[in-house]
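Colleague: Okay, here's the prediction I keep looking at, along with the sequence it came from:
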Amino acid sequence: NMITIFSTPKNFEGIFDIIQTNAINSWRAQNPDIEIIIFGDSKGADKIARSINAIHIPEVEKSSNGVPILSDIFNKAQEIAKNDILTFINADIILPFNFVDPIKIIKNKLSKFLIVGYRWDIDITKKINFNNFNYNEVLWSKLIKKAKRHSSSGIDYFIFKKNTFPNLPNFVVGRPGYDNWLIWNARRRLIPVIDISKTVKVLHQNHHFNFHNLKKDPKIYLEEDGLTNRALINENTLTLNDTNYFFYNSILKKKTSDTFKNRDLGNLEKLYPELYYFFNWYKRLKRRIIKRYDK
């Protein structure tokens, strides 16, 4: 029970009643002792919290459009959580049974970290019973075969030590960009960012975007809250391709491929704009050496 999972769901209505109930029940199925905190006053949030023995905190700061603010949720989670390792997760994500396994190993190797991973998208229209382990193992392998891996820019869960992110900007939840900013911020502060998706495959249940004053995908059609996030992010974004560690076969490894090194070199100016002139000189020098060496 070393982790605390926290999230802020939408109203439990229509498809969101099905997919959020599935997601949250899958979190509880990890372990009856895992601490789960449900934030916000969405319809049905108190009921789901009671049903899985979670803490419910209805009061959270919101944007002028009534959408929860990420920094307030993170701050409150860090105050309330009884565990040292926190997991912020979107409320439409079903977790596999091995979700906690990498965390147990990584926490003994690193004093600070940000753990992230890809998601696999799938249509699910029925509620799932997560109490039958054997049934779920069969179901899981069927679902993963059908699901499609999402692009590297979408990140739906973040695992980190308490107080890793003490001063978050006031991002609006469920609007684009803050997930990519969190990777950028951790890399900038030299916190190892680890991709566990070779080991852990999480399912994202597809849904429409008719909620929180939206009608369309907020990543494509930016509205007021999306523009708020864009201004705060200021192009400081990285993707899952920019994680500098990966976890596979119970082993934590640093990324060392030439492809990654070149990509990382290209990110230096974005990570440390104050050192722009130094990096420019360094890159030019390195390329000259490589050219000479290739001759």
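Modeller: Yes, it's here. Numbering: from 1, shown residues only.

Colleague: neighbours around residue 272, how many?
Modeller: Counted with other Cβ atoms under 10 Å, residues neighbouring residue 272 total 12. Where C-beta positions appear, they are placed from N, C-alpha and C, glycine not excepted.

Colleague: same thing with the one 10 residues further on?
Modeller: Under the neighbour criterion other Cβ under 10 Å, residue 282 is assigned a count of 13.

Colleague: Okay, strands next: where are they in the stretch 1-150 of the chain?
Modeller: Defined through DSSP state E, counting those that start in this stretch, the strands belonging to the stretch 1-150 of the chain, from first to last, are 3-7, 35-39, 55-57, 85-89, 93-94, 114-116, 119-122, 148-149.

Colleague: buried set for the helix or strand that contains residue 283?
Modeller: In this structure, residue 283 sits in helix 276-294 according to DSSP states H and E. Neighbour-count burial for helix 276-294, counted by 16 or more other Cβ atoms under 10 Å, picks out residue 279.

Colleague: Could I get the strands of the stretch 1-150 of the chain in CSV, plus columns for mean neighbour count and distance to residue 275?
Modeller: Compiled in CSV, the strands of the stretch 1-150 of the chain are given as follows (neighbours: other Cβ atoms under 10 Å; distance: least, Cβ to Cβ, whole Å):
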stretch, mean neighbour count, distance to residue 275
strand 3-7, 24, 35
strand 35-39, 23, 38
strand 55-57, 17, 41
strand 85-89, 23, 30
strand 93-94, 24, 37
strand 114-116, 23, 22
strand 119-122, 18, 34
strand 148-149, 11, 35
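
Colleague: so who does residue 202 touch?
Modeller: Residues in contact with residue 202 (Cβ atoms under 8 Å, 6 or more residues apart in numbering) are 93-96, 99, 117-120, 156-157.

Colleague: rerun at 10 Å
Modeller: Contacts here follow Cβ atoms under 10 Å, 6 or more residues apart in numbering; on that basis residue 202 touches 23, 26, 89-90, 93-96, 99, 117-120, 147, 150, 156-157, 196.

Colleague: Show me the residues you listed that map onto helices.
Modeller: Among the contacts of residue 202, the residues falling in helices (DSSP state H) are 23, 26.

Colleague: and the contacts of residue 202, which are buried?
Modeller: The neighbour-count criterion (16+ other Cβ under 10 Å) marks 23, 26, 89-90, 93-96, 99, 117-120, 147, 150, 156-157, 196 among the contacts of residue 202 as buried.

Colleague: how close does residue 87 get to residue 226?
Modeller: When Cβ to Cβ, to the nearest Å is the yardstick, residue 87 and residue 226 sit 25 Å from each other.

Colleague: before we move on, what about residue 283?
Modeller: Taking Cβ to Cβ as the measure, residue 283 and residue 226 are separated by 33 Å.

Colleague: Name whatever forms a beta bridge with residue 69.
Modeller: The partner list for residue 69 in beta bridges (DSSP bridges) reads residue 172.

Colleague: can you pull the pLDDT of it?
Modeller: Listed pLDDT for residue 69 reads 96.

Colleague: Against residue 63, how distant is it?
Modeller: For residue 69 relative to residue 63 (Cβ to Cβ), the value is 6 Å.

Colleague: And for residue 165?
Modeller: Relative to residue 63, residue 165 is positioned 19 Å away (criterion: Cβ to Cβ).

Colleague: Check residue 118 too.
Modeller: Taking Cβ to Cβ as the criterion, residue 118 is separated from residue 63 by 28 Å.

Colleague: now residue 245
Modeller: 34 Å.
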